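> just a sequence and a predicted model for now, questions to come.
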Amino acid sequence: PFVAPCRSLAPSAPWRWLRLGWRDLRAAPLQSLSYGAVIFLVSAAISALAWRFGSGWMLLVMLSAFIFVAPVLALGLYAISSELARGERPSLRQIFLEERARLGDALVYSLMLMVICLVWVRAGSGVQIFYPEFGPPTRADLIVFFAIGSAVGSIFAGVAFAASAFSLPMLLDRRVDGVTAVVTSINAVLRNKKVMLIWAAMIVAAVAIGFATALLGLTVTMPLIGHATFHAYRETVDAVAWPAHP
């Protein structure tokens, strides 16, 4: 089959995913927080370089690098939850081996995400035509400008979210190609729009907590979201038609 079927979700599902994610974090705190620490360090390095150089091109290069690093980190968190679900005790060595085995699929996914981000950046530049060219902008001018910019950004953010919500966990869990995983993810999101809006809001809140705590909060919130995402995939996508990874 080209797309894995998905289940209909109850509005309370995201809260259950968080509880299961927290359970995994508590069951493997060293492994989970190690990945959280890497996420914090990478985020802090990108922020420091952006602040130091203040160049749009530099920020784009760093964002591109992060797009390739982030899926690898996410795969590690999914691998922890996967091993716990099998009743095994996660080890960093085994997690690294699973990441290496799925690296090719993760890079294909990263390239797809890179294309979305590059088009997003280009669209963001095009929005500048709505900014008043002459004279100080009025409140109405700014409202129109920010409304259009937010609408364009929301479209691309929605596409990126739908493509990534379940695709990486599926790539880790099953022997499936990247296109099938992405299409399956988009299909599952579109069939559970209200629930996925709640889940997206929770992810945004987790990131906001990280920024509000000078990025330190990302050490905990990102592993929590990563573990919860694996349980979200297992509950939403019926991927039994594809063989599981050994």
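Thanks, I have it. Numbering: from 1, shown residues only.
> which residue is nearest the middle of the chain?
The residue at the geometric middle of the chain, judged as the C-alpha nearest the mean C-alpha position with C-alpha atoms, centre = their mean, is residue 164 (6.1 Å).
> does that one touch residue 184 like I think?
No: counting by C-beta atoms under 8 Å, residue 164 does not reach residue 184; the two are 11.7 Å apart. For glycine as for every other residue, the C-beta is placed from the backbone atoms N, C-alpha and C.
> wait, what's in contact with the residue nearest to the centre of the chain?
With contact set as C-beta atoms under 8 Å, 6 or more residues apart in numbering, residue 164 has these partners: 109, 113, 182, 185.
> can I get those in TSV including neighbour count?
Formatted as TSV, the contacts of residue 164 follow (neighbours: other C-beta atoms under 10 Å):
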residue	neighbour count
109	25
113	21
182	23
185	26
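> which ones among the residues you listed lie within helices?
Using DSSP state H to define helices, the subset of the contacts of residue 164 located there is 109, 113, 182, 185.
> export those as TSV, with columns for pLDDT and distance to residue 226.
Conversion of the ones in helices among the contacts of residue 164 to TSV gives the following (pLDDT from 0 to 100; distance: C-beta to C-beta, whole Å):
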residue	pLDDT	distance to residue 226
109	77	15
113	78	16
182	89	18
185	94	16
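> of all these, which comes closest to residue 132?
Residue 132 has its nearest neighbour among the ones in helices among the contacts of residue 164 in residue 113, at 33.5 Å by C-beta to C-beta.
> and that closest one, how close does it get to residue 164?
Note on residue 113: its distance to residue 164, by C-beta to C-beta, to the nearest Å, is 7 Å.
> ok, now residue 19?
Relative to residue 164, and taking C-beta to C-beta, residue 19 is found at 22 Å.
> cool, and residue 172?
Note on residue 172: its distance to residue 164, by C-beta to C-beta, is 13 Å.
> and for residue 237?
As defined by C-beta to C-beta, residue 237 lies at a distance of 13 Å from residue 164.
> what sits in contact with each of these two?
residue 185.
> shaky segments in the protein?
Low-confidence segments of the chain, defined by pLDDT under 70, are located at 1, 53-68, 134-135, 246.
> which other residues reach the helix or strand hosting residue 49?
Take DSSP states H and E as the rule and residue 49 turns out to sit in helix 29-53. Counting contacts by C-beta under 8 Å, 6+ apart, the residues outside helix 29-53 that touch it are 24-25, 58-59, 62-63, 66, 69, 73, 76-77, 80, 90-92, 95, 210, 215-216, 218-220, 222-223, 226-227.
> give me the buried positions along it.
31, 32, 34, 35, 36, 38, 39, 40, 42, 43, 46 (16 or more other C-beta atoms under 10 Å).
> please name the nearest non-neighbouring residue to the fifth one.
Leaving out its chain neighbours, the residue that sits closest to residue 36 by C-beta to C-beta, 6 or more residues apart in numbering is residue 219, at 3.8 Å.
> please, which helix or strand holds that neighbour?
Per DSSP H and E: helix 218-236 holds residue 219.
> just want the angle from that helix to helix 29-53.
Inter-element angle recorded for helix 218-236 and helix 29-53: 120 degrees (by axes from the mean of the first three to the mean of the last three C-alpha atoms, to 10 degrees).
> which helices and strands sit right next to helix 218-236?
Contact here means 3 or more C-beta pairs under 8 Å, 6 or more residues apart in numbering; DSSP states H and E; on that basis helix 218-236 packs against helix 13-27, helix 29-53, helix 56-85, helix 167-173, helix 193-212.
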